[in-house]
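Asks: pasting the sequence and the predicted coordinates here, then a few questions.
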Amino acid sequence: MAEKKATREAYGEALAEFGEKYDLVVLDADLSKSTKTDTFRKKFPDRFINVGIAEANMMSTAAGIATTGKTVFASSFAMFAAGRAFEQVRNSIAYPNLNVKIGATHAGISVGEDGASHQAIEDIALMRSIPNMVVINPADAYEARGAVEAAILHNGPVYLRFGRLAVPYVNDKDYKFELGKGVTLADGKDVTIIATGLMVGEALGAREVLEKEGISARIINIHTIKPIDKDIIIKAAKETGHIVTAEEHNIIGGLGSAVAEVLSENYPVKMSRVGIEDIFGKSGKPQCLLEEYGLTASNIVSRVKKLLGK
Amino acid sequence: MNNKELQIIAHKVRRHALTAVHSAGSGHPGGSLSISEILTLLYFEEMKNLDPKDPSAPNRDRFVLSKGHCSPALYGVLAERGFFSTDLICKFRQIDCCLQGHPSLKDVPGVDMSTGSLGQGICAANGMALSAKLDGKDYRVYSILGDGETQEGQVWEAAMFAAHYKLDNLCAILDFNGLQIDGDITEVMSPLPLDEKFRAFNWNVVLVDAHDFDSLREGFAKARACKGKPTILIAKSVKGKGVSYMENQAGWHGNAPNDEQYAQAIEEINAQIKALGGEI
């Protein structure tokens, strides 16, 4: 088994690393040990602000700090960062286009045992519908680190989506993150699997299975869901003719929808969307939940075969 | 500037607010008229290092209109202070003008925070005050809240935060006019007692008269003198102040006067300016 690491771990380490280089202020809402902003707090206690259990206040306060020229990270679980504080993110942060980076951890169903109340499966849809907002969903720890620095260097609000679960590496250690650029991880000619977050690893697993069955799958990692890399998607549609998307998010409004928007207006091809099928999750071990809701390599394989009529 | 000169400016701010709302055919006159003296004293005396030619000077005092719907008064005082031309006032809420219904940070010179969604501005003001503390800077931050606005839970998250981080460089002013859209604040959803609530949240609470410059000035002085705590001036005010038919009428919270009503309102304000020896 390859080495694994949660993207939230990489997030905390990246904050601590880049806190040396950039004038960052980090806010958290009583979850710093879980979101891993605690790693930053230990190194830069004077630049860490705990707001208590008050996510709405955190977002508007972060906005106020950002008006004074600082780059601010505001962290909580994705459910509360994107869900509870949606309107504060929209009106206090995104509307004035302030330099607040929302570090949202525990996204998706892989939160596991905490159950449906804590499993954000709507956050990508919510955040990408806000003007000025950039939405990034890293696939592994290397990508998470790169995404944090890219967010710092980007002038304006960014939503960073991190997971609780340790996930395998899909990129090399010297991986260079490019905001807004999809990454072709493997080439193929019959179908393209466009994945994001922890589903990138599953997509690579699916490719191996498909290859044995004589199906050649291209794998594209879309870490930046907004602005989305239209060119790489249109090119894949032209060259492989079939697109399957895979995400740990509701199939409504997330990556699948974003890809469908690009294709339907530019180069429509048959698509299939793997994701949470518009239902709430439940408690369970993360791996069991991912299987229960079809967020697996084997489900991607069956969707590909169905799409190709095989 | 003496009180008489300040009062003339406050009346001009009222006139701008009325002109803005009348020109647009919509907007919020009642709460704009109740904060005219507060804004005038802030922008013409209390706030330091303001420069209309450099509205984002880093060491300036900041102001956040948490009750953003009272933008007509804010635009009035900013125009009087020279941040932009008074010619813009009559284009309020129009598609080709930067003066939106609620203030926009990126579009209007002198606006320090975009507001409009109640409860959020005071949090942003906290953020600015905290940032000053982090950098060891001595600028101060001011924010006007509506009394109805305190029904938003986020205001109390902010109240807890400001006291916890000892933001003594923050001075909130609560426009205590007692009325909100649907009527008397005590009938809609009573937030009273406001003074005891803020005291219980570890704030320095000062009761002032929103239409008396000496009272407001004393309040700001007490805020400056108070160390280790944020201050809130609970400013007893009259909604619609200065226009006889608007005073203490909840109906004028968010309605524009018609041509006849507007003419009467301007006549009344002009008479008050004349009585002070000011030029119309």
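Replies: That came in fine, so what should we check first?

Asks: contacts and neighbour counts: CA atoms only from here.
Replies: OK.

Asks: report pLDDT for residue 206.
Replies: Chain wasn't specified; assuming chain A. pLDDT, residue A:206: 98.

Asks: to clarify, I was referring to chain B.
Replies: 98.

Asks: does it really touch residue B:219, like I thought?
Replies: Yes - Residue B:206 lies in contact with residue B:219 (CA atoms under 8 Å); the separation is 6.2 Å.

Asks: what about the two, which has more around it?
Replies: Higher neighbour count among residue B:206 and residue B:219: residue B:219, with 24 against 19, using other CA atoms under 10 Å in any protein chain shown.

Asks: and the gap between that one and residue B:205?
Replies: From residue B:219 across to residue B:205, the span is 9 Å (CA to CA, to the nearest Å).

Asks: please apply the same query to residue A:85.
Replies: 29 Å.

Asks: go on, residue B:23?
Replies: As for residue B:23, its distance to residue B:205 is 38 Å (criterion: CA to CA).

Asks: what of residue B:169?
Replies: From residue B:169 across to residue B:205, the span is 14 Å (CA to CA).

Asks: out of the two, which sits in the more crowded spot?
Replies: Set residue B:169 next to residue B:205 and count neighbours by other CA under 10 Å: residue B:169 wins out with 27 against 23.

Asks: let me see the confidence value for that one.
Replies: 98.

Asks: who are the neighbours in contact with it?
Replies: For residue B:169, the contact set (CA atoms under 8 Å, 6 or more residues apart in numbering or on different chains) comprises B:129, B:138, B:139, B:140, B:141, B:224, B:230.

Asks: ok, now residue A:223?
Replies: Residue A:223 sits next to A:136, A:137, A:138, A:139, A:180, A:181, A:182, A:196, A:197 when contact means CA under 8 Å, 6+ apart.

Asks: the first one reaches residue A:227, doesn't it?
Replies: Meaning residue A:136. No - with contact defined as CA under 8 Å, residue A:136 and residue A:227 do not form a contacting pair (9.1 Å).

Asks: common neighbours of residue B:219 and residue B:205, please.
Replies: By CA under 8 Å, 6+ apart, the residues touching both residue B:219 and residue B:205 are residue B:233.

Asks: and the residue of chain B found nearest chain A, how far from residue B:158?
Replies: In chain B, the residue found nearest to chain A is residue B:124; the distance is 3.8 Å by CA to the nearest CA. According to CA to CA, residue B:124 and residue B:158 sit 9 Å apart.

Asks: and residue A:77, by the same measure?
Replies: 20 Å.

Asks: which residues of chain B lie near chain A?
Replies: Within reach of chain A by CA under 8 Å from any CA of the partner chain, chain B has these residues: B:58, B:104-106, B:112-115, B:117, B:120-121, B:123-131, B:134, B:154, B:157-158, B:161.

Asks: which of those fall in helices?
Replies: In this view, these that belong to helices under DSSP state H are B:121, B:123-131, B:134, B:154, B:157-158, B:161.

Asks: out of the residues you listed, which end up buried?
Replies: Buried subset of those (neighbour count, 16 or more other CA atoms under 10 Å in any protein chain shown): B:121, B:123-131, B:154, B:157-158, B:161.

Asks: farthest-separated two in these?
Replies: Maximum pairwise distance in these, criterion CA to CA, is 19.8 Å, between B:131 and B:154.

Asks: counting neighbours, what do you get for the closest residue to residue B:246 other than its chain neighbours?
Replies: For residue B:246, ignoring the flanking residues on the chain, the nearest one in space by CA to CA, 6 or more residues apart in numbering or on different chains is residue B:240 at 4.7 Å. By other CA under 10 Å, the residues close to residue B:240 number 26.

Asks: can you tell me the SS state at residue B:240?
Replies: Assigned with DSSP: H, G, I helix; E, B strand; the rest coil, residue B:240 falls in the coil class.

Asks: tell me the contacts of it?
Replies: By CA under 8 Å, 6+ apart, the contact set of residue B:240 is B:29, B:30, B:31, B:32, B:33, B:34, B:246, B:247, B:248, B:249, B:252.

Asks: confirm that residue A:104 sits in a strand.
Replies: Yes - counting by three-state DSSP, residue A:104 falls inside a strand.

Asks: look up the residues forming beta bridges with it.
Replies: Assessed by DSSP bridges, residue A:104 has beta-bridge partners residue A:76, residue A:161.

Asks: residue contacts, it?
Replies: A:35, A:75, A:76, A:77, A:78, A:81, A:82, A:159, A:160, A:161, A:162.

Asks: and if you look at residue A:46?
Replies: Residue A:46 touches residue B:134, counting by CA under 8 Å, 6+ apart.

Asks: ranges for the strands of the chain?
Replies: Looking at chain A here, since you left the chain open. According to DSSP state E, chain A carries its strands in the segments A:4-6, A:24-28, A:48-50, A:71-77, A:100-105, A:134-136, A:158-161, A:166-168, A:183-186, A:191-195, A:217-221, A:224-226, A:242-250, A:270-276.

Asks: ah, no, chain B please
Replies: B:62-65, B:141-146, B:170-176, B:179-180, B:183-184, B:204-209, B:231-236.
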